[in-house]
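Q: kindly generate the corresponding structure for this input.
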Amino acid sequence: MFCNCFGALNCFGRRDDPADQPHEQAVATKKFSYNSLRSATNDFHPSRKIGGGGYGVVHKGVLRDGTRVAIKSLSVESKQGAHEFMTEIDLISNIRHPNLVELIGCCIEGSNRILVYEFMENNSLASSLLGSKSKYVALDWPKRAAICRGTASGLRFLHEEAQPNIVHRDIKASNILLDGNFNPKIGDFGLAKLFPDNVTHVSTRVAGTVGYLAPEYALLGQLTKKADVYSFGILMLEVISGKSSSIAAFDEDYLVLVEWAWKLKEENRLLDLVDSELSEYDESEVYRFLVVALFCTQSAAQHRPSMKQVLEMLSKEVHLNEKALTEPGIYRWHSTGKRGGSLNETSSQAIKPRKTGNPHEAASAHFSGTDIVTEMLPR
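A: Next comes the predicted model:
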């Protein structure tokens, strides 16, 4: 049983939080005209662009009443008709939690599919922490810890409290948005259901982003909540290290971030991963967060905690049994030259082998309770 990994942990006790409860009465999504959104964004002017990704481009907008909003123009065609699309949008807009970005409304006119979200003053975690120096924001440890806990809380809500339960499929730094106080809110949840699999920015089968993909999902298409847990673990490593997971840049072997973290753990110097920009922090707490991240990224999906358990593990009340920790699963790719490239730009796929005498030897990888024999490629 998973709880044995953490000592005497009552991890199945329910902690009801009023903020975690969905609204009892559904509210119809507000409809915007296309012209009103054109006006709000100065005709979707490039200077108003604040983000983009697999589903579309985001512009900053100001509504007629002065409300600032983020307006996402979906760049792909839904697999559903207008009525079915609107039904799904109504469902998403009624999922409310302090750590989820609020969907204010939408526009469905002709071929246009546009979503209107609350505006987040500090953009995304990717921009503030992992982006260019011009956009970098110095986040102290209390803020980073709050970002980890808040994201975990939002993800737990999606997995266990939202109706229906939602597997995000693309937890990453650019989908963690920050409000004026740097409180985290998860964006783009629920959108995966609206589109055919072949419009995602990763592959024709898998929605997600390289560097965050659980290996059983990337290679076998096995999608469970544990794939989100894996991505969250990678995100935590990024928050603590200030480094991107999508670039192989560590050690002489050019390890990816989670490989580097595991290597440091085996060498008893895990705290070397901490961002050099952090001058003051509680070493015991940071170490705990790093170990929790490694629990989340274990190769076998069934060994990873649930998000409810993750929240318990992040507290100081829980003893972590590090002896139960197993090596992370690592999805490796060979890019065609673009850093952070998508799977469409890869020439081969592999999982980092466990230590064996022969790096060409086939090894057994355990995913979601199923034994899969996969050819492992040497680095």
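
Q: for the stretch 101-250 of the chain, what are the low-confidence residue spans?
A: Applying pLDDT under 70 to the stretch 101-250 of the chain flags the ranges 134, 193-208.

Q: let me see the ranges of the helices in it.
A: Counting by DSSP state H, counting those that start in this stretch, the stretch 101-250 of the chain has helices at residues 125-128, 141-156, 215-220, 225-241.

Q: now the helix or strand just after the last one: buried residues?
A: What that stands for is helix 225-241. Sequence-wise, the next helix or strand downstream of helix 225-241 (DSSP states H and E) is helix 257-266. Residues of helix 257-266 classed as buried by neighbour count (16 or more other C-beta atoms under 10 Å): 257, 258, 259, 260, 261, 262, 263, 264, 265. Every C-beta, even on glycine, is put in place using the N, C-alpha and C of the backbone.

Q: picking that back up, now distance to residue 38 too, for the helices of the stretch 101-250 of the chain, in a markdown table please.
A: As requested, these are exported to a markdown table (distance: least, C-beta to C-beta, whole Å):
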| stretch | distance to residue 38 |
| --- | --- |
| helix 125-128 | 25 |
| helix 141-156 | 31 |
| helix 215-220 | 38 |
| helix 225-241 | 35 |
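
Q: quick one: closest of these to residue 189.
A: Across the helices of the stretch 101-250 of the chain, residue 189 has its closest neighbour in helix 141-156 (8.2 Å, C-beta to C-beta).

Q: hmm, who's touching that closest one?
A: 20, 97-100, 125, 139, 168, 171, 176, 178, 182-186, 228, 232, 235-236, 239-240, 278, 280-282, 285-286, 289, 306-308, 310-311, 314 (C-beta atoms under 8 Å, 6 or more residues apart in numbering).

Q: buried subset of these?
A: 20, 97-100, 125, 139, 168, 171, 176, 178, 182-186, 228, 232, 235-236, 239-240, 278, 281, 286, 289, 306-308, 310-311, 314.

Q: out of those, list just those in strands.
A: Within these, residues falling in strands by DSSP state E are 176, 178, 184, 185, 186.

Q: what is the burial count for the closest residue to residue 186 other than its chain neighbours?
A: Using C-beta to C-beta, 6 or more residues apart in numbering and skipping the chain neighbours, the partner closest in space to residue 186 is residue 154 (4.5 Å). The tally of other residues near residue 154 (other C-beta atoms under 10 Å) stands at 26.

Q: tell me how far residue 154 lies from residue 49.
A: In this view, residue 154 and residue 49 are 25 Å apart by C-beta to C-beta, to the nearest Å.

Q: and what of residue 173?
A: Residue 173 is 18 Å from residue 49, by C-beta to C-beta.

Q: then residue 66?
A: From residue 66 to residue 49 the distance is 21 Å (C-beta to C-beta).

Q: neighbour-wise, which of those two wins?
A: Applying other C-beta under 10 Å to residue 66 and residue 49 shows that residue 49 carries more neighbours, namely 13 against 6.

Q: which ones are touching that one?
A: Counting by C-beta under 8 Å, 6+ apart, residue 49 touches 57, 58, 59, 60.

Q: what's it sitting at in phi/psi?
A: Main-chain torsions, residue 49, degrees, to the nearest 10: phi -70, psi 130.

Q: is it bridged to anything, and to what?
A: Applying DSSP bridges to residue 49 gives these bridge partners: residue 59.

Q: quick one, grab the pLDDT at it.
A: In the predicted model, residue 49 carries a pLDDT score of 94.

Q: what do you get for the one 5 residues further on?
A: At residue 54 the predicted local confidence, pLDDT, stands at 65.

Q: got it, and residue 1?
A: 42.

Q: and if you look at the one 4 residues further on?
A: The pLDDT attached to residue 5 in the predicted structure is 57.

Q: residue 71 versus the residue nearest to residue 186, what's the distance?
A: With C-beta to C-beta as the criterion, residue 154 and residue 71 are 22 Å apart.

Q: and residue 140, by the same measure?
A: For residue 140, the distance to residue 71 - C-beta to C-beta - is 32 Å.

Q: more neighbours: which of those two?
A: Taking other C-beta under 10 Å, residue 140 and residue 71 do not tie; residue 71 has more neighbours (28 against 13).

Q: how near is that one to residue 312?
A: Taken as C-beta to C-beta, the span from residue 71 to residue 312 is 38 Å.

Q: tell me how many other residues crowd residue 293.
A: 27.
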